[in-house]
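# Compute the structure for the input listed below.
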Amino acid sequence: MKKLPFVLLLLSCMTLVACNNGQKINAHNEKTAYKSVRMIKTRLGEDMRVEYEMSFWMIRDAKKDKDEFLNTVDEKTPAEIIAMGKEIYQERKAAGVPEYQQYKTWEEMMAKYDRDRNNQGKAKSDINEKVDDPRMSNRDVIYKL
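Numbering: from 1, shown residues only. Sure thing, here's the model as predicted:
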């Protein structure tokens, strides 16, 4: 009976240690890395979710070698992944990559991808976009029946 409190204490300590890495990527292989990223993404707030996912895939695109990529992202937190994504963005923008030249800042690029993500699967008629041309702003047709 005296062993029961000791066993419970040991189990609770092991549980706390196991839960400590809940916000870090487990990149022992590709499958676990992608699974970790999905789980972490679901726990993040809406404001960080797109940034985190885009940063992760930017790192994947930058690190072509599988082992180099896994070593780079292993045990990284969402904040570290986003920081690495911002670095890659700055490098590619400075190198003149056309895809990144259209954005002035990282935040502008993330806002565009966030809008695209929110509009994904919607019909074009359901998407409210700004109309810059004043001649096109009043194109509603009102029918009198």
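# Extract the CA atoms of whichever strand or helix holds residue 110 and return them as CSV.
According to DSSP states H and E, residue 110 maps onto helix 106-119. Listed next in CSV are the C-alpha coordinates belonging to helix 106-119 (Å, rounded to 0.1, in the frame of the first residue of the first chain):
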residue,chain,number,x,y,z
TRP,A,106,6.2,39.8,-44.5
GLU,A,107,3.0,40.9,-42.9
GLU,A,108,1.5,41.9,-46.2
MET,A,109,2.4,38.5,-47.7
MET,A,110,0.8,36.7,-44.7
ALA,A,111,-2.4,38.9,-45.0
LYS,A,112,-2.7,37.9,-48.6
TYR,A,113,-2.3,34.2,-47.9
ASP,A,114,-4.7,34.5,-45.0
ARG,A,115,-7.3,36.1,-47.3
ASP,A,116,-6.7,33.4,-49.9
ARG,A,117,-7.1,30.7,-47.2
ASN,A,118,-10.4,32.2,-46.0
ASN,A,119,-11.7,32.5,-49.6
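# Relative to the whole chain's centre, how far out is that helix?
The chain centroid and the centroid of helix 106-119 are separated by 11 Å, computed with C-alpha atoms, centre = their mean, to the nearest Å.
# Just the mean pLDDT for it, thanks.
Model confidence over helix 106-119, given as mean pLDDT, is 86.
# Would you confirm that residue 84 contacts residue 55?
Yes - the pair residue 84 and residue 55 passes the contact test of C-beta atoms under 8 Å, sitting 6.4 Å apart. To be clear about C-beta, it is placed using only N, CA and C from the backbone, and glycine gets the same treatment.
# So for the two, which sits in the more crowded spot?
residue 55 (27 against 19; other C-beta atoms under 10 Å).
# OK, contacts around the nearest residue to residue 84 once chain neighbours are set aside?
Distance criterion C-beta to C-beta, 6 or more residues apart in numbering; nearest residue to residue 84, sequence neighbours excluded, is residue 59 at 5.6 Å. By C-beta atoms under 8 Å, 6 or more residues apart in numbering, residue 59 lies in contact with 69, 72, 73, 81, 84, 85, 88.
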